[in-house]
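K.L.:
Quick one, what's the 3D model for this:
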Amino acid sequence: MRVLITGAAGVIGTILRERLAGRYELSGIDRTRIKGFDSATVDLVEPGRRGERVFHQVDVVVDLAGISDWDASWDAVHKNNLPVTVNVLEAARKSGVRRIVYASSNHVTGLYERDDPYSRILRGDVGGLDPPTIPLITARHQIRPDSPYAIGKAFGEAAARYYAERHALSAICLRIGTCNASGRPQKARHLATLLTHDDLVRLVVAAIEAPDDLRFGVFYGVSANTFRFWDISDAREAIGYQPQDDAEVWRASLSAPE
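P.N.:
Have a look, this model is predicted:
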């Protein structure tokens, strides 16, 4: 299977390039040159014909392109992320790509984190909480974006749905949790939101290889953390995502004095 990764030079793109090599015929596109990898150096804000040609003869696009900082300004999101998302979808449509896996974000529902018990969990104040009783936030909940970046990701989900229904481009949107270079939690919030490198690969592979008749879906991407508060049962049922890791194993070391 021929898989194109946009934003292939970023943290997640680098993990996927390294971990999916050999499983698929990989290529990439990024504004930054990637040595030793089949990639094109193109700014997807204005890809031009050269950029669009990269999508030819591709089966699946894993779309990671765009500014990834959740605190990016609205001006940056407007000038970069919105046109990049549309250009990737349009290039995929024109090139006959079968499926796009769109990297959305948990920040699309980020303002739920102001509410109890989520606010307590994110502070690390989990005393007295019984994990099975935590009400899970699902993809069916109304969106509550917490930033211009999150609004851009909500736009991307809506655009992906449009292309799925109007242009028969299968689109799977992944609301990715905390996936950093270290692959482990750096603060209390991450004990709930972490997506380890291994589980990231499991998630993306599940999306790439999901049944052909799945035209559109939105799923949370998070590891099997004890205190996670995003529902992943639909991802398990629809695409077979089975996370194996639990950030709870790091709680003691994270809270220990240096």
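
K.L.:
And Leu4, its phi and psi?
P.N.:
phi -100, psi 130 (degrees, to the nearest 10).

K.L.:
how far away is the residue positioned nearest the centre of the chain from Arg251?
P.N.:
When C-alpha atoms, centre = their mean is applied to the chain, the residue found nearest the centroid is Ala103 (3.2 Å). Ala103 sits 27 Å away from Arg251, going by C-beta to C-beta, to the nearest Å. Heads up, the C-betas are built off the backbone N, CA and C, glycines and all.

K.L.:
Now do the same for the residue nearest to the centre of the chain: helix, strand or coil?
P.N.:
strand (DSSP: H, G, I helix; E, B strand; the rest coil).

K.L.:
now it, nearest residue through space, not along the chain?
P.N.:
Leu64 (4.7 Å; C-beta to C-beta, 6 or more residues apart in numbering).

K.L.:
contacting residues around that neighbour?
P.N.:
By C-beta atoms under 8 Å, 6 or more residues apart in numbering, the residues touching Leu64 are Ile5, Thr6, Gly7, Ala8, Gly10, Ile12, Gly13, Leu16, Ala103.

K.L.:
of all these, which comes closest to Arg189?
P.N.:
Ile12 (18.3 Å; C-beta to C-beta).

K.L.:
wait, doesn't the closest one sit right on Ala103?
P.N.:
Yes. Look at Ile12 against Ala103 with C-beta atoms under 8 Å: they come within range, at 6.9 Å.

K.L.:
hey, what's in contact with both of these two?
P.N.:
Common neighbours of Ile12 and Ala103 (C-beta under 8 Å, 6+ apart) are Leu64, Ile176.

K.L.:
Find me the pLDDT at Ala168, would you?
P.N.:
On pLDDT, Ala168 comes in at 86.

K.L.:
what's the neighbour count on it?
P.N.:
11 (other C-beta atoms under 10 Å).

K.L.:
Next, count neighbours for the residue lying closest to it once chain neighbours are set aside.
P.N.:
Closest residue to Ala168 apart from its sequence neighbours, by C-beta to C-beta, 6+ apart: Arg215 at 7.7 Å. Arg215 has 14 neighbours, counted by other C-beta under 10 Å.

K.L.:
residues touching Arg215, list them.
P.N.:
Neighbours of Arg215 in contact, by C-beta under 8 Å, 6+ apart: Ala164, Glu165, Ala168, Ser170, Ala171.

K.L.:
Of those residues, which belong to helices?
P.N.:
Ala164, Glu165 (DSSP state H).

K.L.:
Quick one, which of the contacts of Arg215 are buried?
P.N.:
Taking 16 or more other C-beta atoms under 10 Å as the criterion, what is buried in those is Ala164, Ser170, Ala171.

K.L.:
from those residues, which is closest to Gly183?
P.N.:
Nearest to Gly183 among the buried ones among the contacts of Arg215, with distances taken as C-beta to C-beta, is Ala171, at 27.3 Å.

K.L.:
I'm done for today, thanks for sticking with me.
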